[in-house]
Structures are given as C-alpha cells and as structure tokens.
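> Sequence first, then the predicted structure, then my questions.
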Amino acid sequence: MGGNQTSVTEFFLVGFPLSPRMQVLLFGLFSLLYAFTLLGNGVILGLISLDTQLHTPMYFFISNLATVDIAYASNTVPQMLVNLLSPAQPISFAGCLTQTFLFLTFSLTECFLLVVMSYDRHVAICLPLRYSTIMSWKVCITLAVASWTLGVLMALVDMVLLLPLPFCGPQKVNHFFCEITAILKLACADTHLNEVVIVASGVLVLVGPVSAIVVSYGHILHAVLKIQSAEGRWKAFSTCSSHLCVVGLFYGTAIIMYVGPQHGDPQEQKKYLLLFHSLFNPMLNPLIYSLRNREVKAALRRRLQKERPL
C-alpha cells in the first residue's frame with residue numbers, strides 16, 4: 001500500500017460551490033470589501049503616523065491592530081478572489097502551508113493585542129495619575145512585541161506538528177483558503193495529536209484572553225460607577241466602547257465557531273464564519289474606531305484641512 005502513495009505537491013481549494021454568475025457577483029462584492037479594508041486600515045495607520053496628537057499608547061496599539069487586519073485579510077482574500085474567477089487554479093504545497101502559518105499567526109496576534117488594549121484602558125481609567133509611568137513607550141513596545149512573538153510561536157507549534165505528516169491525496173481542500181483543520185483531513189496518517197493541540201490552543205486562546213478582558217472591564221466598570229458626574233462617566237466609557245465593539249466581533253465569532261452548538265455540517269458553518277472573520281472584521285474595525293472616536297475624526301479633519309489648497 002505504501003508503494004502506491006505519491007507525495008502531493010499542490011492542492012485545490014473547493015471554496016464555495018456556486019454558479020458562474022454568482023461567482024462573478026461575489027468576486028465584485030468581495031473585491032469592494034477588500035478595497036475598503038485596505039483603505040480604512042490604511043487611513044487609520046496614516047493618521048496615527050502623521051498626527052502627533054495620536055502618538056499615545058492607545059493609538060500605538062490600534063496601529064498594530066490595523067497592521068494585523070491588513071495582513072490577515074491579504075493572506076486569505078486575494079486567493080479566494082482568484083478561486084472565484086478560476087476555480088481550478090491550484091495552490092502549491094509550500095504556498096498552502098505558508099498561508100496556514102500566516103493565518104494562525106495573525107489570528108493569535110490579534111487575540112493577544114486585544115488583551116493588551118484592554119489592559120491599556122484599565123490603566124487609563126483605574127490608575128489615571130500613574131498612566132504615563134505604567135504605560136511608558138518601553139512597556140508599550142514590549143507588550144506589542146510580546147503579542148506578535150506569542151502569535152508566531154503558537155502558530156509554529158501547529159506547523160511543526162503539521163509538516164511531518166504525509167499527504168498522498170485527495171488534493172481538494174474543503175475551504176476557501178488553507179485552513180489547518182481542512183488540511184489535516186487530507187493527511188495519510190493519524191492526526192489525533194494535531195487535533196488535540198489545536199483544540200487545546202483554541203481553548204487556551206479563548207478562555208485566557210477573554211477572562212483577562214472580562215477582569216479588566218470589571219475593574220473599569222467599578223471605577224466608572226464611582227465617578228460622580230454623568231459627563232465624566234460617559235467620557236470614561238466612550239474611551240472603551242470602540243475596543244468593546246471590536247472584542248465582541250472578534251471573540252463572538254470565534255466562540256460561535258468553536259464553542260457554540262453545531263447544526264448541519266460544522267465544516268460548512270466554519271467556512272462562512274471564517275469568511276466573516278476574513279472580510280468583515282478587518283473592514284469594520286477601522287470604521288468602529290473612526291466613527292466612535294472623536295480624536296480620530298478630529299485628526300482626519302485636521303489632515304484634510306492641511307491638504308486643502310488655499
């Protein structure tokens with residue numbers, strides 16, 4: 001039997017089985033959403049870079065989040081757009097595993113960045129007099145680097161376990177990108193250890209960060225309720241509302257995907273939820289931060305007025 005096995009050198013992404021007309025329609029829609037993702041996050045990065053009033057720890061972390069969102073979307077969406085127009089286009093084995101590694105890295109990094117951002121808001125509201133001391137630039141850079149490093153290291157664990165597996169066919173990946181559990185289904189070996197590690201990592205990344213965020217916002221809520229004036233309470237809460245919206249979108253989808261009740265075909269459900277993660281989350285994040293944040297809107301107005309010809 002082993003002599004009949006041949007090594008797979010490329011995969012075919014099944015994506016979403018649709019009619020040719022629907023594929024063209026979705027190609028146009030998804031291209032537009034991807035363009036908005038690049039534009040929105042690019043504007044956020046540009047404003048934070050150019051406006052000195054946004055050179056604060058909170059916006060430093062937001063710039064890291066915008067970078068992750070651009071990279072996250074760019075890792076999966078272009079391949080999906082190619083497949084919508086040319087469904088039979090293969091992706092190389094190395095290219096597929098690279099896409100898997102990058103997807104895991106950016107997803108995990110965003111998890112840790114959201115925790116760091118909740119800690120930043122906790123210090124700003126609960127310990128305002130010590131904020132500049134606690135959240136020094138050295139600390140901010142260390143927290144950002146730690147988030148990226150943990151994301152890379154945790155993704156490497158999955159890849160180290162995935163790389164030795166033999167793949168001898170079939171070559172069709174039941175997904176719109178090289179998602180790790182879809183890849184494991186094609187391996188010609190026992191993948192029980194891989195699956196256990198993926199579940200353990202998923203639980204760790206969901207339970208740990210969500211618990212830390214809940215604790216941070218518990219302290220924040222306690223501090224906000226002690227503020228005497230309604231205006232002061234609203235101002236304190238408004239600095240957290242954008243982050244809460246992003247956390248709700250990111251972890252809400254993840255919890256539904258991995259913890260929520262399964263109906264029908266779990267693999268198909270996961271495809272559509274990851275589509276939301278890849279297309280809508282990165283596009284909505286800059287909209288949330290710009291529409292709900294007066295400082296960002298003020299920075300945009302200043303930049304537009306500066307660029308306006310006299």
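Now that the structure is in, tell me what you want to look at. Residues are numbered from 1 along each chain as shown.
> Got the phi and psi for the residue most central in space within the chain?
The residue lying closest to the centre of the chain (C-alpha atoms, centre = their mean) is S107, at 4.5 Å. Per-residue torsions, S107: phi -60, psi -50 (degrees, to the nearest 10).
> List the residue ranges of the stretch 51-200 of the chain that fall below the pLDDT cut-off.
88 (pLDDT under 70).
> Not including adjacent chain positions, what is the nearest residue to the residue nearest to the centre of the chain?
Nearest non-adjacent residue to S107, counting by C-beta to C-beta, 6 or more residues apart in numbering: Y72, 7.1 Å away. C-beta coordinates here come from the backbone N, C-alpha and C atoms, glycine included.
> and the gap between T56 and W137?
T56 sits 10 Å away from W137, taking C-beta to C-beta, to the nearest Å as the criterion.
> who has more neighbours, these two?
T56 (18 against 11; other C-beta atoms under 10 Å).
> Look up phi and psi at the more buried one.
Dihedral angles for T56 - degrees, to the nearest 10 - are phi -130, psi 160.
> again with E10
phi -160, psi 160.
> Next, count neighbours for the closest residue to it other than its chain neighbours.
Computed as C-beta to C-beta, 6+ apart, the closest residue to E10 that is not its neighbour in sequence is P90, at 4.1 Å. Close neighbours of P90, defined as other C-beta under 10 Å, add up to 13.
> wait, P90 sits on F11?
Yes: with contacts counted by C-beta atoms under 8 Å, P90 reaches F11, the gap being 6.6 Å.
> any shared contact partners between these two?
Counting by C-beta atoms under 8 Å, 6 or more residues apart in numbering, the contacts common to P90 and F11 are Q171.
> Pull out the buried residues from stretch 44-64.
Buried positions in stretch 44-64, judged by neighbour count with 16 or more other C-beta atoms under 10 Å: 44-45, 47-48, 51, 54, 56-64.
> ok, now which ones touch the residue nearest to E10?
E10, F11, F12, Q171.
> which pair in the residues you listed spans the largest distance?
E10 and F12 (7.5 Å; C-beta to C-beta).
> Mind listing the shared neighbours of these two?
P90, I91, Q171.
> quick one: which of the residues you listed is nearest L25?
Nearest member of the shared contacts of E10 and F12 to L25, counting by C-beta to C-beta, is I91, at 23.4 Å.
> what helix or strand is the closest one on?
Under the criterion of DSSP states H and E, I91 resides in strand 90-92.
> related to what we said a few turns ago, could you give the number of residues near the residue nearest to S107?
Close neighbours of Y72, defined as other C-beta under 10 Å, add up to 23.
> quick one: it from L102, how far?
Y72 is 8 Å from L102, by C-beta to C-beta.
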